[in-house]
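[1] everything below, folded, please.
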Amino acid sequence: MNIQDVEKRLAEEQKKQKTPFSAGDTVKVYYKIHEREKERVLPIEGIVLKRQGEGFRKSFTMRRISYGSGMEITFPLYSPHIEKIEIVKPSKKRPRRARLYYLRERIGREAVTA
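    This next block holds a predicted model:
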């Protein structure tokens with residue numbers, strides 16, 4: 001039994017729980033944060049720039065504008081810290097590219113309608 005078999009089995013288990021999304025969708029990630037003795041869930045909303053990896057090592061990068069500055073966050077898709085992923089708004093037009101780096105120059109409504 002090699003690592004690919006283990007990852008494949010774990011990914012199939014996790015696939016049942018995750019929602020399918022792609023680059024260009026606006027998603028809300030509910031991320032668990034540990035603060036001293038407490039644990040709370042922080043909702044983070046943004047546009048998915050890219051998805052990458054294969055098997056159990058899949059990850060995605062999302063971008064959000066916070067207080068006027070852009071912020072990109074990369075999450076492992078099968079992380080135990082992610083409580084759930086919710087699609088807020090699917091992209092109107094499916095982008096032709098897998099990585100939407102051109103959204104870095106766009107702010108606000110420009111980024112959403114692109």
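[2] what helix or strand is the most centrally placed residue in the chain on?
    Centroid-nearest residue in the chain, with CA atoms, centre = their mean: Phe60, separated by 4.5 Å. For Phe60, the element it lies in under DSSP states H and E is strand 59-66.
[3] contacts for that strand, please.
    Applying CB atoms under 8 Å, 6 or more residues apart in numbering, the external contacts of strand 59-66 come out as 21, 27, 29, 44-53, 70-77, 103-104, 107-108, 111. For the C-beta atoms, the positions are set from N, CA and C on the backbone; glycine is no exception.
[4] now the residues you listed: which count as buried?
    Phe21, Val27, Val29, Gly46, Ile47, Val48, Leu49, Lys50, Phe75, Leu77, Leu103, Ala111 (16 or more other CB atoms under 10 Å).
[5] looking at those, which is nearest Val6?
    Nearest to Val6, judged by CB to CB, of the buried ones among the contacts of strand 59-66 is Leu77 at 16.4 Å.
[6] quick one, helices of this protein?
    Using DSSP state H, the helices of the chain run over 3-15, 109-113.
[7] now for the residue nearest to Leu10 when sequence neighbours are not counted, how many residues are close by?
    Of all residues not flanking Leu10 in the chain, Phe56 sits nearest, at 5.0 Å (CB to CB, 6 or more residues apart in numbering). Using other CB atoms under 10 Å, Phe56 has 19 other residues around it.
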